[in-house]
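S.K.: need a structure here:
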Amino acid sequence: MTTKSVEYLIIGAGLAGSQMGFFLRDQDYVILEKGSEDHSFYKEQPRHRKLLSINKIHNLLEDKEFNMRHDWNSLISDDPSLLFKNYSKELFPNADDLHKYICDFRSKLGLKVVYNSAVVRVSKNDDGFVVNTSAGVTYEAKFVFVATGAIAEYIPDIPGIEHATSYVSHSINKADYAGKRVAIIGRGNSAFEVADHLAGDACYVHVLSGQPVKLAWNTHFVGDLRAVNNNILDMYQLKSLHSVLGDIVTHIELLEDGTYRVEMEDRVEHWKIPGYRLDVRQYDHVIVCTGWRYVDVDIFDDDCLPDHDDRMKFPMLSNKWETSIPNMYWIGTGMQAIDKKAASGFIHGFRYNVQSLSNILLQENAGVEMQHVDFALTNTDELMHLGEELIELISTTSALYQQNAFLCHLLVMNSTRTSASLYYGLPVNWVLENEMNIPGESNDFVMITLEYGFHNYSERSSLTFIHPSDPNNTKCSAFLHPRFKRYIGNELQGEMHLGESLTVHYWDPKNRHLNNLMRWFNTEYEIIDTAKVEEIFPEVDVTKDPRMFTHLADYEANKGVMEHEAEDDPMNDAH
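M.R.: This is a model prediction of the structure:
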C-alpha cells in the first residue's frame with residue numbers, strides 16, 4: 001500500500017474539481033478521478049443532450065468579463081482558447097461539446113489529476129484526512145474538497161416506485177411511446193425535458209408535479225423551469241391533451257398486461273368543501289424525474305460523515321461552503337445547498353464560488369493575500385478615480401451578475417478614511433458573519449452587489465415589467481441593478497441603489513450614475529467638503545432629461561433633441 005501526502009485533495013475532476021485545481025495550481029494539491037481521461041458527467045447527461053446553460057457569443061462589448069455574463073459554460077482560466085465559444089456557436093449547446101471542453105481544460109492546463117482512482121473511503125487522522133482509493137494508493141491531506149457532483153438519482157419513497165423507469169434508465173426512442181399514455185413524476189427541468197421530448201408522439205403526457213411549477217423567468221432562479229423545456233405548459237394551457245397536474249403519487253402497481261395502475265391524491269382546498277381528492281389512473285409508462293442526490297454517504301467513515309438533509313440530496317454547509325467536518329468543503333453544483341436564488345447550482349455560478357473559496361482558504365491557511373486594489377482618498381482626483389473604477393466594475397462584473405445578492409465586492413475603508421481597499425467576489429453572508437474579518441483591515445466597508453427587486457412586487461408577473469423604472473426612485477428597480485450598502489461590522493449604516501439598466505452597464509455621457517454614486521459615498525465618509533462635491537459631482541435632475549416628457553406636444557416639439565441624446569449614449573440604454 002502506497003501512501004502520499006498533499007495539502008489539498010480534490011475528489012472529482014469534473015467542472016468544479018478542475019476549476020479548484022486551476023486556482024490551487026501553485027499549491028500542493030491532487031485531484032482524484034474515478035474515470036479515465038475521457039470521462040465526464042456530460043458524456044451521458046443530460047439524456048437528450050441539449051444543455052440549459054446559454055452560450056451567447058455576440059454581446060455588444062468586447063470586454064471579456066462583460067461577455068462572461070452571457071457565457072454559462074466556460075470555467076475561469078488564463079487560456080483564451082478555453083472559452084466555450086471556441087467549442088460551440090449554439091445558444092443551447094450539445095452536451096458533447098461540454099464533455100470535450102472539460103477534457104481539454106484538464107489536459108491543456110496540466111492539472112494534477114490521477115485517473116482511474118475512485119475514492120472508496122474517507123476517514124480522519126490527527127493531521128487531517130486519510131483517503132483510500134481503488135488504485136491501492138492512500139492519500140493524507142489537510143483539506144478535502146468534495147467535487148463529485150450528481151452521484152445518483154433521487155428516487156422518492158413511494159410504494160411500487162421500483163416498477164417505474166427513471167430519467168437515467170428510460171428509453172429515449174420516441175417510437176416506444178407512440179400513442180401511449182405517459183406519467184412523469186417531477187416538476188423540474190428533467191421532468192419537462194422528458195415531457196417535451198415525448199409531446200409529439202405520446203397519446204398524452206401527464207406531468208404529476210404535486211405543486212405548482214416555478215418558472216425561471218418569473219422567479220429569476222435558473223434552477224426553476226426554463227422556457228427551453230416548457231412547451232408542454234403551452235400545450236396544456238391550449239388544451240392539446242397533455243397536462244400538468246397537482247396530484248401526489250401514493251402507490252404504483254405494475255399490472256399483468258405491462259401497464260401501470262397509479263394511485264394519487266390531490267389537495268383541493270379551493271373546493272366549496274375543501275379536502276383531499278383520491279384518484280386512480282392507468283398509464284403505459286411511468287417515468288420518475290425527481291432530480292439528483294449529491295451526497296455519497298458510503299465513502300465516509302462515521303466520524304467523517306458530513307451532516308446532510310434527510311433525503312441525502314445536499315450537505316449542510318457553512319457560509320463559506322465548509323461541511324460539518326472541519327476542513328472538508330463541498331464544491332460544484334452542491335454549493336446550491338446554501339443558494340436557491342442565484343446560480344450556484346450551475347457552472348456560471350459555482351465557478352465564482354470556487355474562486356471565492358480558494359481566495360478565502362489561501363489567505364487563512366497559506367498566507368496568500370486576497371486579490372484587492374488599493375485606492376488613496378486624499379484629494380478630489382483620487383476620489384474621482386475611485387468613482388470611475390466603481391462604475392467600470394459594476395458595468396462589467398460577471399461574478400456579481402451571475403451570483404446576484406449572493407457574492408459581493410467590498411470597499412474597505414481604513415480607519416482614517418484616507419484610503420480604501422477593494423476586494424472581489426466574497427460571499428455576502430460570510431462577510432456579515434465575520435464582520436469583514438480581513439487581517440489588517442477595518443470593519444467599516446461598502447458592500448457592492450447586483451440585486452433584483454421583484455420581491456417588492458410579489459403580486460405582479462415579471463412579464464408585466466416592460467417600461468423603465470422610475471429614475472427618481474431607484475429603490476423601486478425590479479430588474480438587476482447595483483446596490484451599495486455601508487456597514488460597520490454587520491450593522492447597516494446606509495445604502496443607495498443605482499436604477500436598473502437594460503444592459504446593466506452604467507457609463508453615460510453626463511455621468512449621471514457616477515455623480516449620484518459619489519455624492520452618496522461622500523455623504524457617508526466626508527472625504528471632501530460639500531462645495532467641492534457640488535462642483536465635481538453635480539446633481540443630475542432626471543426630470544430634465546430631454547427624453548422625458550409629460551405631454552405628447554412636448555414630445556413632438558423636442559423629438560430632435562431626444563434623438564440627438566440617444567445617439568450620444570454609447571449603450572443607447574433607455575432605462
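S.K.: For the stretch 451-575 of the chain, which segments count as helices?
M.R.: In the stretch 451-575 of the chain, the helices defined using DSSP state H, counting those that start in this stretch lie at 512-525, 530-536, 552-557, 559-568.
S.K.: mind checking pLDDT for residue 540?
M.R.: Here the pLDDT value assigned to residue 540 is 74.
S.K.: for the stretch 51-200 of the chain, what spans make up the helices?
M.R.: Using DSSP H, counting those that start in this stretch, helices in the stretch 51-200 of the chain cover 64-68, 95-108, 189-198.
S.K.: how about CSV for those helices, with mean neighbour count, distance to residue 522 and mean pLDDT added?
M.R.: Glycine gets a C-beta too; all of them are placed from N, C-alpha and C. Converted to CSV, the helices of the stretch 51-200 of the chain look like this (neighbours: other Cβ atoms under 10 Å; distance: least, Cβ to Cβ, whole Å; pLDDT from 0 to 100):
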stretch, mean neighbour count, distance to residue 522, mean pLDDT
helix 64-68, 18, 27, 96
helix 95-108, 19, 45, 97
helix 189-198, 24, 47, 97
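S.K.: how about those helices, which one is nearest residue 343?
M.R.: Closest approach to residue 343 among the helices of the stretch 51-200 of the chain is made by helix 64-68 (12.2 Å; Cβ to Cβ).
S.K.: Now the one residue sitting closest to the centre of the chain: phi and psi?
M.R.: Closest to where the C-alpha atoms of the chain average out (Cα atoms, centre = their mean) is residue 343, at 0.8 Å. The phi and psi values for residue 343, taken as degrees, to the nearest 10, are phi -120, psi 30.
S.K.: got it, and residue 50?
M.R.: Torsion angles, degrees, to the nearest 10, at residue 50: phi -90, psi 130.
S.K.: Just give me the neighbour total for the closest residue in space to it that isn't next to it in sequence.
M.R.: In space, and not counting its chain neighbours, residue 50 is closest to residue 92: 5.3 Å by Cβ to Cβ, 6 or more residues apart in numbering. Using other Cβ atoms under 10 Å, residue 92 is surrounded by 14 other residues.
S.K.: repeat for residue 538
M.R.: A total of 12 residues lie near residue 538 under the criterion other Cβ under 10 Å.
S.K.: For it, give me its contacts.
M.R.: Contacts for residue 538 (Cβ atoms under 8 Å, 6 or more residues apart in numbering) come out as residue 515.
S.K.: got the residue ranges for the strands in the stretch 1-150 of the chain?
M.R.: Secondary structure of the stretch 1-150 of the chain (DSSP state E, counting those that start in this stretch): strands at 2-11, 29-32, 113-114, 119-125, 128-133, 137-146.
S.K.: winner for burial among the ones you listed?
M.R.: Stretch with highest mean neighbour count among the strands of the stretch 1-150 of the chain: strand 29-32 (a mean of 23; mean count of other Cβ atoms under 10 Å).
S.K.: which residues make contact with that strand from outside it?
M.R.: With Cβ under 8 Å, 6+ apart as the test, strand 29-32 has contacts from 4, 6-13, 17-18, 21, 111-114, 117-119, 131, 133, 139.
S.K.: 10 Å instead?
M.R.: Residues outside strand 29-32 that contact it (Cβ atoms under 10 Å, 6 or more residues apart in numbering): 4-14, 17-18, 20-21, 23-24, 106, 111-119, 131, 133-135, 137, 139, 141, 143, 145, 147.
S.K.: List the neighbouring strands of the helix or strand harbouring residue 410 plus their orientation.
M.R.: Taking DSSP states H and E as the definition, one finds residue 410 inside strand 407-413. As defined by DSSP bridges, the strand partners of strand 407-413 come to strand 419-427 (antiparallel), strand 444-451 (antiparallel).
S.K.: CA atoms only for the first one, dumped as PDB, please.
M.R.: What follows is strand 419-427 as a C-alpha-only set of coordinates in PDB (Å, rounded to 0.1, in the frame of the first residue of the first chain):
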ATOM      1  CA  SER A 419      -7.500  55.100   1.600                       C
ATOM      2  CA  ALA A 420      -9.700  52.100   0.800                       C
ATOM      3  CA  SER A 421      -9.100  48.600  -0.500                       C
ATOM      4  CA  LEU A 422     -11.400  46.900  -3.000                       C
ATOM      5  CA  TYR A 423     -11.800  43.100  -2.500                       C
ATOM      6  CA  TYR A 424     -13.600  40.900  -5.100                       C
ATOM      7  CA  GLY A 425     -16.200  38.200  -5.100                       C
ATOM      8  CA  LEU A 426     -16.800  37.200  -1.500                       C
ATOM      9  CA  PRO A 427     -20.000  35.500   0.000                       C
END
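S.K.: Could you figure out how far that strand is turned away from helix 512-525?
M.R.: Taking axes from the mean of the first three to the mean of the last three Cα atoms, to 10 degrees, one finds that strand 419-427 is oriented at 110 degrees with respect to helix 512-525.
S.K.: Low-confidence regions, the chain specifically.
M.R.: Scanning the chain for pLDDT under 70 picks out 435-441, 541-575.
S.K.: measure stretch 286-297 end to end?
M.R.: Taking Cα to Cα, to the nearest Å, stretch 286-297 runs 28 Å from one end to the other.
S.K.: Figure out how far that stretch is from the centre of its chain.
M.R.: 20 Å (Cα atoms, centre = their mean, to the nearest Å).
S.K.: Right, I'll leave it there.
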